[in-house]
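# Provide a 3D model corresponding to the input given below.
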Amino acid sequence: MNSLFLVGRRMSRLIATAAGVTATVLLAFGLSACGGGGSSTSSATPSALAVPGVPTNFTVSGVNGQTLSATVSWSVPTSGATPTSYEIYRSTTAGTAYSSTNHLISIPVVAGQGSYSFLDNAGLSGVDTYWVVSAKNASGETPTAEVTYKPIGSPSGGDSGFGNNASVPIIFADGIGLAETAITGTWSSDVASVDYNTGLRPLTGILPSTVTALPYLSGTDTYVLDGVTYYKQGTSSTWQAEWANGAGTKQHVVATWGDNLTSQKLTSTSTIRVEIGLNETLPTGTTMLGYNMKSLYGTNLDEVQGTDGTTYDSTTAAVFAANAHLRIDKLDGSGGVAYTAYDGALWGGDGPGNVAGEITVSGGFTYGYVLQMKNLTLPTGVTADGTWRITFSLDTTSPAGTPNNTVIDSSTNGVVDNPQQVHIDINVAA
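The predicted structure follows:
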């Protein structure tokens, strides 16, 4: 499961430290409301202040170890007035990037800094993209020529460079982390005390060496929504909700299946995303720290969420049980098993085609599996349409050798078969 939490290259050259990031970014947006007009504004203006010159050394390139992302780099203008901000524009149509409708983000000017980089980790599609950077002040802005870049695509539709930060509190029911390693420490915001055996971010090498405490909120990872600056999930910005080692006490959970299993029309050619989460109500008077998250843009696999850095005291927590097991069966007319599409335990295999424990874009925890209906080879006489049963269970022991320490008390949208098993039936149309 280590593949779920990859380390990406840090892009945080705009702000030297985490302190003061929010104020700096908000100032930048205050000075530079979305500009752009499709042409240079370097001609005379009513103001006595000259406009900046064109940013130099403008390039757009790939991001080391990542897909569906781009690094935008440039240097300060060599002529004109000093900019107060740089404006980035992006489009998927040639010749249209420099337009207010394609404005992506404002980047603050840092006194004395000669070059800048911005990492766009928004899940860009693997098609040609067109970019412009302009230097802006109160008199106007001057754009570069448009640059074309085609991000490296990904068959999964997601970015493989940065893992997601845990924003919802998590209890490790068996004292085993997401990467099948025994937990040895306790949760702490002190970077020096981070227990990397949890498998949560941060991982080794992802933070600047100067960062000593979480969260690390980078000015290059921001997105402004309704006047509020958010730090995007899946970027170099790093935070971590409170977690706990729950091995000493039985964890009593409520199982919840992903609502897409019943709210969407599923067919014999669908890609069915199977998700189930286990959640626990904390003892009375007990809370765990979580981070407030907001959906910023995109939908489904391309959704981007972020935090404004504020926290809350949660009375519930997600539960990770290391002995999770998933089975998917096609039922016959009498309710018997006609065909088994998948039957596997966590860590039985890694990568596509296996059940996995995942930190979601919202920062919660879920068990996930992707069922490609069109790729199934069904036996003679068995059709894809009809009722399928998805069963989640807790094996007696985990692949790491730990005994089951989790009890399923109820399910919000499934059927509890016994304290160690829950299922849901879904209907697949022809």
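# would you map the helices across the stretch 301-430 of the chain?
Using DSSP state H, counting those that start in this stretch, no helices are assigned anywhere in the stretch 301-430 of the chain.
# please parse the protein into its domains.
Annotated domains of the chain cover 32-149, 170-429 [automatic domain parsing].
# which stretch in these has the least confidence?
Confidence, taken as mean pLDDT, is least for domain 32-149 of those (a mean of 81).
# indicate which one of the domains of the chain is closest to residue 162.
domain 170-429 (4.8 Å; Cβ to Cβ). Quick note: C-beta positions are derived from backbone N, CA and C, even for glycine.
# redo the domains of the chain as a markdown table? Include mean neighbour count and distance to residue 163.
Below are the domains of the chain laid out as a markdown table (neighbours: other Cβ atoms under 10 Å; distance: least, Cβ to Cβ, whole Å):
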| stretch | mean neighbour count | distance to residue 163 |
| --- | --- | --- |
| domain 32-149 | 18 | 11 |
| domain 170-429 | 18 | 6 |
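# any chance of those domains in a markdown table with distance to residue 164 as columns?
What follows is these, written out as a markdown table (distance: least, Cβ to Cβ, whole Å):
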| stretch | distance to residue 164 |
| --- | --- |
| domain 32-149 | 11 |
| domain 170-429 | 4 |
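# residue nearest the centroid of this structure?
residue 361 (3.6 Å; Cα atoms, centre = their mean).
# tell me the spacing between the residue lying farthest from the centre of the chain and residue 85.
Relative to the mean C-alpha coordinate of the chain, counting by Cα atoms, centre = their mean, the farthest residue is residue 48 (45.4 Å). With distances taken as Cβ to Cβ, to the nearest Å, residue 48 is found 20 Å from residue 85.
# residue 313 now?
Taken as Cβ to Cβ, the span from residue 313 to residue 85 is 37 Å.
# how many residues are close by the closest residue to residue 359 other than its chain neighbours?
Nearest non-adjacent residue to residue 359, counting by Cβ to Cβ, 6 or more residues apart in numbering: residue 164, 4.3 Å away. Here the number of neighbours of residue 164 (other Cβ atoms under 10 Å) works out to 23.
# the one 5 residues further on too?
Applying other Cβ under 10 Å, we find 27 residues neighbouring residue 169.
# residues touching it, list them.
Going by Cβ atoms under 8 Å, 6 or more residues apart in numbering, residue 169 touches 241-244, 288-290, 314, 316-318.
# just the residues you listed: which are in strands?
If you go by DSSP state E, these have 243-244, 288-290, 314, 316-318 in strands.
# which residues in the stretch 201-350 of the chain form strands?
Along the stretch 201-350 of the chain, the segments classed as strands by DSSP state E, counting those that start in this stretch run 222-225, 228-232, 243-245, 251-257, 266-267, 271-281, 288-297, 304-314, 316-320, 324-331, 337-345.
# tell me what the shortest one is packed against?
Okay, so that is strand 266-267. strand 421-429 (3 or more Cβ pairs under 8 Å, 6 or more residues apart in numbering; DSSP states H and E).
# what sits up against the strand it packs on?
255, 257, 261-262, 265-268, 270, 272, 276, 331, 373, 384-394, 408, 411, 413-417.
# and for stretch 242-252?
Contacts for stretch 242-252 (Cβ under 8 Å, 6+ apart): 166, 169-175, 183, 186-187, 198, 200, 278, 280, 288-290, 317, 319, 321, 402, 405-407, 409.
# ends of it, how far apart?
19 Å (Cα to Cα, to the nearest Å).
# and the gap between residue 82 and residue 242?
Taking Cβ to Cβ, one finds residue 82 at 44 Å from residue 242.
# measure the closest residue to residue 228 other than its chain neighbours to residue 103 for me?
Spatially, and ignoring its direct neighbours in sequence, residue 228 is nearest to residue 308 (5.5 Å; Cβ to Cβ, 6+ apart). Distance of residue 308 to residue 103, computed by Cβ to Cβ: 21 Å.
# thinking again about what came up before, closest to residue 77 out of the contacts of residue 169?
For the contacts of residue 169, the residue nearest residue 77 by Cβ to Cβ is residue 241; the value is 42.3 Å.
# hmm, residue 267 is touching residue 430, no?
Yes. The pair residue 267 / residue 430 is scored as a contact, 7.0 Å apart, by Cβ atoms under 8 Å.
# excluding sequence neighbours, find me the nearest residue to residue 120.
Nearest non-adjacent residue to residue 120 (Cβ to Cβ, 6+ apart): residue 70, at 4.9 Å.
# which residues sit in contact with the one you found?
60-63, 119-120, 124, 129, 131, 149, 151.
# ramachandran coordinates for it?
phi -150, psi 150 (degrees, to the nearest 10).
# how much space between it and residue 128?
11 Å.
# who touches both of those two?
Counting by Cβ under 8 Å, 6+ apart, the residues touching both residue 70 and residue 128 are residue 149.
# tell me the contacts of residue 201?
Each residue near residue 201 by Cβ under 8 Å, 6+ apart is listed here: 5, 163-166, 238, 240, 359.
# let's see that with 6 Å instead.
163, 165, 238 (Cβ atoms under 6 Å, 6 or more residues apart in numbering).
# same check on residue 430?
By Cβ under 6 Å, 6+ apart, the neighbours of residue 430 are 268, 385.
# how about residue 54?
Applying Cβ under 6 Å, 6+ apart to residue 54 gives the contacts 77, 142, 144.
# switch to 7 Å and redo it
Neighbouring residues of residue 54 by Cβ atoms under 7 Å, 6 or more residues apart in numbering: 77, 135, 142, 144.
# secondary structure element holding the second one?
Okay, so that is residue 135. strand 129-137 (DSSP states H and E).
# and residue 131, what are its bridge partners?
Judged by DSSP bridges, the bridge partners of residue 131 are residue 90, residue 147.
# am I right that it is in contact with residue 71?
No. Judged on Cβ atoms under 7 Å, residue 131 makes no contact with residue 71 at a distance of 10.7 Å.
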